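1. got a sequence here, can you build the structure:
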Amino acid sequence: MKRIAIIGSTGSIGVNALDVVRQMPGEFEVVALSAHSNADLLSRQARAFKPKAVSLFDADAAARLKQNLNGFCAHERPGTEGLVEIASRPDVDLVLMSLVGGVGFKPLLAALRSGKAVALANKEPMVMAGAQLMAEAKRCGGQIIPVDSEPSAIFQCLQGGSDSTAALTGGLTRQIRKVFLTASGGAFYKHKGSLAKVTVEQALKHPTWKMGRKITIDCATLMNKGFEAIEIMNLFGLTREQVEIVIHPQSIVHSAVEFTDGTVLAQMSLPDMRLPIQYAMTYPRRTQSVVEPLDLVKLGELTFKKPDFRRFPCLALAREAAKSPAMSAVLSAADEVSVTAFVDGRIPFTSIAKVIEKTMKLYRAPEGLPDFDEVEAIDRWARTKAREFCGR
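-> From the prediction side, this is the model:
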């Protein structure tokens, strides 16, 4: 039985992960659960799955949780300290990380330094310092297994090209000609006219996936795909030129890999996050699926198109940031600040890209890989500058 901790258990990934656990009795023991502030849902999850420890990031919500559970299980400290404690528990085999934003950086680092396998659905840390985190995982015996459907698809395709160890350590780079990273197109793929006055409610209507607010807005700007491009570069040792982003509205081909001999392997399934979650949790085994199988005849046609970099400038900004590890950290921080400002009604949708661009232009990226302390300093600087631009 694999012992797991879920950080972000009340979000869409965490809820789906617990559904996988529920449908696979005897496979997993839920040792710890953590969330941001949803004390009521976390209380219900704790009573259903009986973890040894729980944690809420928000201090006030953590106090309510303690009252709700009334000694039912141990409580870790609120804030980042609690996340780090859960991520590095010695009685955990696998940490499922489904946080949103840069807050996942420290717990991910702690898990890797503890030699954990991490099922990762929190892409921002891999944008901030992906190469450094992969090096730390190798040094400490940790492992990152991608959970998001597209990085997971690439990981699975790479295993079809060689052994799984090489797929996780960048050992297949010379065998890869190109990676096709697919994108649904987000809420505004078919939108006619200007995007300047679109509302938060419109941006949150994703055509395929049900996700949290931040990642759904990132999908609407296509920044999410830019983040994933940087993430897979770091995960699999790819160059910027080896990653081609294609719009695939049906969300059936989750990504594909072209090898040097011209062979293209694609991973296909219905758009259900439980499948990549299940694979990351059971890896390296494949088990009986908990989702509906794919019916190719029923699907009909599958289409692929090039993205419009001018209409969706966030994608172009991410491609530019991918040239520099330090600039990628600036990109991640500025995006998080500007998306929050849009959701709060302080800037229009089109200003998300403008704030990010201004912040990037103000930063002078040093050469080489910044260390972890430097990455956190870059993150703080970029957040401060982005907030200033949002205020103007």
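
2. every contact and neighbour count from this point should use C-alpha atoms.
-> Fine.

3. residues contacting residue 349?
-> 195-199, 342 (CA atoms under 8 Å, 6 or more residues apart in numbering).

4. repeat that for 7 Å
-> 195-196, 198, 342 (CA atoms under 7 Å, 6 or more residues apart in numbering).

5. all strands for the stretch 51-200 of the chain, in order.
-> Shown for the stretch 51-200 of the chain, the strands assigned by DSSP state E, counting those that start in this stretch span residues 53-56, 74-75, 94-97, 117-120, 143-146, 176-183.

6. could you tell me the least trusted of those strands?
-> In terms of mean pLDDT, the lowest-scoring of these is strand 74-75 (a mean of 89).

7. for that one, which outside residues touch it?
-> With CA under 7 Å, 6+ apart, strand 74-75 has contacts from 52-55.

8. got those residues as CSV, with neighbour count and distance to residue 89 columns?
-> Compiled in CSV, these are given as follows (neighbours: other CA atoms under 10 Å; distance: CA to CA, whole Å):
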residue, neighbour count, distance to residue 89
52, 16, 11
53, 18, 10
54, 32, 12
55, 31, 13
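
9. which parts of stretch 72-88 are buried?
-> Within stretch 72-88, the residues that count as buried by 16 or more other CA atoms under 10 Å are 72-73, 75-80, 82-88.

10. helices - which of those land there?
-> 79-80, 82-87 (DSSP state H).

11. now do residue 216: how many residues are near it, please.
-> 21 (other CA atoms under 10 Å).

12. how far away is it from residue 306?
-> 20 Å (CA to CA, to the nearest Å).

13. and if you look at residue 291?
-> 30 Å.

14. okay, those two: which has more neighbours?
-> For the pair residue 291 and residue 306, the greater number of neighbours falls to residue 291 (15 against 12), based on other CA under 10 Å.

15. which of the helices or strands spans residue 207?
-> Using DSSP states H and E, residue 207 falls within no helix or strand.

16. from the middle of its chain, how far away would the helix or strand hosting residue 6 be?
-> Using DSSP H and E, residue 6 sits in strand 2-7. Computed by CA atoms, centre = their mean, to the nearest Å, the separation of strand 2-7 from the middle of its chain amounts to 17 Å.

17. for stretch 177-197, same thing?
-> That offset, for stretch 177-197, works out to 18 Å (CA atoms, centre = their mean).

18. circling back to that earlier point, can you lay out the ones in helices among the buried residues of stretch 72-88 as a markdown table showing pLDDT and distance to residue 246?
-> Formatted as a markdown table, those follow (pLDDT from 0 to 100; distance: CA to CA, whole Å):
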| residue | pLDDT | distance to residue 246 |
| --- | --- | --- |
| 79 | 95 | 38 |
| 80 | 95 | 36 |
| 82 | 95 | 39 |
| 83 | 96 | 35 |
| 84 | 97 | 36 |
| 85 | 96 | 39 |
| 86 | 97 | 37 |
| 87 | 97 | 35 |
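
19. now stretch 88-102: buried residues?
-> 88-89, 92-102.

20. oops, could you answer that again for stretch 268-283 instead?
-> Quick answer for stretch 268-283 (16+ other CA under 10 Å): 268-282.

21. in strands, which of these appear?
-> residue 268 (DSSP state E).

22. from the buried residues of stretch 268-283, which land in helices?
-> Using DSSP H, the buried residues of stretch 268-283 in helices are 274-282.

23. save the residues you listed as JSON lines, and put in pLDDT and distance to residue 385 too.
-> JSON lines is the format used below for those (pLDDT from 0 to 100; distance: CA to CA, whole Å):
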{"residue": "274", "pLDDT": "95", "distance to residue 385": "38"}
{"residue": "275", "pLDDT": "96", "distance to residue 385": "39"}
{"residue": "276", "pLDDT": "96", "distance to residue 385": "36"}
{"residue": "277", "pLDDT": "97", "distance to residue 385": "36"}
{"residue": "278", "pLDDT": "97", "distance to residue 385": "39"}
{"residue": "279", "pLDDT": "96", "distance to residue 385": "39"}
{"residue": "280", "pLDDT": "97", "distance to residue 385": "37"}
{"residue": "281", "pLDDT": "97", "distance to residue 385": "38"}
{"residue": "282", "pLDDT": "96", "distance to residue 385": "42"}
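
24. need the phi and psi values for residue 374.
-> phi -70, psi -40 (degrees, to the nearest 10).

25. could you do residue 271 as well?
-> The phi/psi pair for residue 271 (degrees, to the nearest 10) is phi -70, psi 90.

26. next, the contact list for it, please.
-> Here residue 271 is in contact with 251-252 (CA under 7 Å, 6+ apart).

27. with residue 258 instead?
-> Contact partners of residue 258, counting by CA under 7 Å, 6+ apart, are 176-179, 264-265.

28. tell me which two of those residues sit farthest apart.
-> Farthest apart among these by CA to CA are 177 and 265. That separation is 11.9 Å.

29. just checking, residue 204 touches residue 218?
-> No - using CA atoms under 7 Å, residue 204 is not in contact with residue 218, being 9.6 Å away.

30. poorly predicted segments of the chain, please.
-> 161-173 (pLDDT under 70).

31. domain ranges for it?
-> Domain ranges of the chain: 2-146, 158-272+307-391, per automatic domain parsing.

32. show the end-to-end separation of the last one, please.
-> Start to finish, the residues bounding domain 158-272+307-391 are 45 Å apart (CA to CA).
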